[in-house]
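Novice: Quick one, fold the following:
(2 chains)
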Amino acid sequence: MGSRRKREINLPAPYLRRVWLEPSRIADRAAYPFCLPFLHDNFELNFDRSITIIVGENGTGKSTLLEGVAVLAGYDEAGGGKGYMPVDHSHAMEKMGGQLSNALRAGWLPKITNGWFFRAESFFSVARYQDKTNLEVIPGVPPGIPPDYLSHSHGEGFLRFFEERCQQQGIFIFDEPESALSPARQIEFLKLMRRMEVSQNCQIIMATHSPLLMAYPGARLFGLTKYGLEPVTVEETDHYKIMREFYDDPAGFAEAAIAE
Amino acid sequence: MSSRRNRPINLPAPYLRRIWLEPSRIADPAAYPFCLPFLHDGFELSFDRAITIIAGENGTGKSTLLEGIAVLAGFDEAGGGKGHRPVDHSSATEVMGGELSGALRAGWLPKITNGWFFRAESFFSVARYLDEVGSLSADFLSHSHGEGFLRLFEERCQRQGIYIFDEPESALSPSRQMEFLKLMRRMENSGHCQIIMATHSPMLMAYPDARLLRLSKYGLEPVTIRETDHYKVMREFCEDPEGFVEAAVEE
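Specialist: Just a heads-up that it's a prediction; the model follows:
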C-alpha cells in the first residue's frame, strides 16, 4: 500500500453514485448472470445515500450484483480488499460478478478504490490468508496462538475484522454480514455502521437477510425481486413480516412451518 | 464408504447419550479451552432427545464444545464427515475442539461414527473440496450460497448418523430457515438421526420437541425459547424496528 493511495479525498460519501447496464456489452443474454430477471436492458441503480441496503430472497441475484460492484471498485470478487487476490483464488467458482461487471458502467464522484469487499463465505479463507501472512501480536492473546480470527468464537472474529478494515476512507461492500452474528453482535455491527456513516468518508453497500440490519436509520433500503430493485421499508419486507409472525407465537409458527 | 459402514443399527437416536469432563486428563486448566467457565470439574451434558439445541452468546464456547463432540465422533473438527480431512486442514487454527475431546468421555448407545459436522465458516472449503473430488453435487458456491447450503444438508443428512450443526442459519434467509426446520423434522422422523446444533436463530431454537439448552459462563441449563436473550431482543425489535435500532446505535 503506497502512501499516495491513502491520501484522502475531501468529498463526502457516497462515491459510487450510479451503476447501469450497457446491453451492447452483453455477449449472451441467455447465460447467467444476464438471465437474472432484474438485469433487463434498462437496469440502473442510484446510490443517493452513504449507506445502501439490498434485501431479497436467496437466488434473486443479490450476491452477484454485489460482486459486480466489487469488481468495478477493483476488488477481488471472492472477497477481500484490492490486492488480496492471493487468497487461494486459483479455482474459485464465483466468477459471475466479474462477468456482470464487464457489462456494467459506473458513475463515480470521485473514483475510489480503497475499501473492502466482505463475503460471508469467504471470511474463512480471507482470515486464514491473514493468519498466514500477518502474524501480528494481539494484546491479551497468549503468545504462540496465531491472531485467531477463527478460534474461540467466530462472531468475535468477524467484528474484530470489520473494526480493523473499516476505518479508512473507502467503499465497503458487505454480503450478509449477519452470518454468524447473534442479535447482540448485530447491534454492535449497527454501531460500527453509524461510526462509518458519521465519518462521512465511508460508503456502504450491503446485502442482508437480517431485519435488524435493514432497520439502520437513514439508509436507502431496496428490495430486489425478479421485477427489479425498488425502495422499501423494513416493515414491507417479507423477512420482517415472517419474523413478526414468528415472534408472536414461536412454537405455533415453527409447528405450522414444518407441517406445511 | 464401504457397505459395512452403511448397515443401519436398529436402535433409535440419540446415540450419543452423555459426555462428561475427566479433570485428570486436563494438562493445563488455565489454558484454552479448559479456562472456559462452563468447563468446571463437574461438567456433564446428557442427550435425552434426538435433537439438542444449544443457544448462547458468542464467546461462551459453543463452537468449541461442538468441535469436541465432533472429534469424539471421529469427524474432523474443521467440518465435514469422517474421512474428509483433506479439506486443506494443514494450517487450520481450530485445534481447540481436539484438545477438549482429549479430556472428554462419552457414553454411546451404540457408538456411531456416521454423520456430518457442519461449521458455518468451513462450508466454503468443504464445498470446494466436494467439487474437487468430483461429487455429483458440484457448484455449491455458484449463484446463491443459501441454495448451496440446503443442497448440502439434504444430500448429507439422510442416513443414520450423528449430525452436528454449528450455526446453520448463517447465509439462510428466514424462509430458508423454515425449510431447514422441515429437514430437521424429516431427520427426526427417520428415527436414526441425532442432531446437536448450536444456533443464534430463534427460529431454529423453536424446533418443537427439541431439548433447548442455554450455554453461559455458569454452564448449560434447559431454557424455553421465550427465556433466551435472542428472543427477548428480537421481540422488542419487532415491536418498533426503527425506534429499537435508533436507540441501540445511540447508546
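
Novice: Tell me if I am right that residue A:240 is in a helix.
Specialist: Yes: counting by DSSP: H, G, I helix; E, B strand; the rest coil, one finds residue A:240 located in a helix.

Novice: and the residue nearest to it when sequence neighbours are not counted, how many residues sit next to it?
Specialist: Using Cβ to Cβ, 6 or more residues apart in numbering or on different chains and skipping the chain neighbours, the partner closest in space to residue A:240 is residue A:211 (4.6 Å). Just so you know, the C-beta spots here come from the backbone N, C-alpha and C atoms, and that holds for glycine as well. Using other Cβ atoms under 10 Å in any protein chain shown, residue A:211 has 26 other residues around it.

Novice: Let me see the contact set for residue A:211.
Specialist: Residues in contact with residue A:211 (Cβ atoms under 8 Å, 6 or more residues apart in numbering or on different chains) are A:234, A:237, A:239, A:240, A:243, B:237, B:238, B:241.

Novice: so what's the last one closest to, chain neighbours aside?
Specialist: To tie it back to what came earlier, the one meant is residue B:241. Nearest to residue B:241 is residue A:215, by Cβ to Cβ, 6+ apart, at 4.1 Å.

Novice: Which pLDDT does the model give the one you found?
Specialist: Residue A:215 is assigned a predicted lDDT (pLDDT) of 96.

Novice: Repeat that for the one 5 residues further on.
Specialist: If you check residue A:220, the pLDDT there is 97.

Novice: In the beta-sheet assignment, what are the partners of it?
Specialist: For residue A:220, the beta-bridge partners are residue A:52 (DSSP bridges).

Novice: what's the neighbour count on it?
Specialist: Neighbour tally, residue A:220, other Cβ under 10 Å: 17.

Novice: gap between it and chain B?
Specialist: Taking Cβ to the nearest Cβ, to the nearest Å as the measure, residue A:220 falls 14 Å from chain B.

Novice: cool, residue A:182 as well?
Specialist: With distances taken as Cβ to the nearest Cβ, residue A:182 is found 4 Å from chain B.

Novice: farthest-separated two in the contacts of residue A:211?
Specialist: Between any two of these, the greatest separation by Cβ to Cβ is 13.4 Å, found for A:237 and B:237.

Novice: Of those two, which one has the most company?
Specialist: More crowded of residue A:237 and residue B:237, by other Cβ under 10 Å: residue B:237, with 25 against 20.

Novice: for the stretch 51-200 of chain A, which spans come out with low pLDDT?
Specialist: Scanning the stretch 51-200 of chain A for pLDDT under 70 picks out A:58, A:76-96, A:120-159, A:161, A:179-181.

Novice: then stretch A:34-45 to CSV, C-alphas only?
Specialist: Only the C-alpha atoms of stretch A:34-45 are listed here, as CSV (Å, rounded to 0.1, in the frame of the first residue of the first chain):
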residue,chain,number,x,y,z
PHE,A,34,-27.7,-11.8,-17.6
CYS,A,35,-30.6,-14.2,-17.5
LEU,A,36,-31.4,-12.8,-14.0
PRO,A,37,-34.8,-11.1,-14.4
PHE,A,38,-33.8,-7.9,-12.7
LEU,A,39,-31.0,-7.4,-15.3
HIS,A,40,-33.2,-6.1,-18.0
ASP,A,41,-31.9,-3.7,-20.6
ASN,A,42,-32.7,-0.6,-18.5
PHE,A,43,-31.3,-1.8,-15.3
GLU,A,44,-29.8,1.0,-13.2
LEU,A,45,-29.1,1.6,-9.6
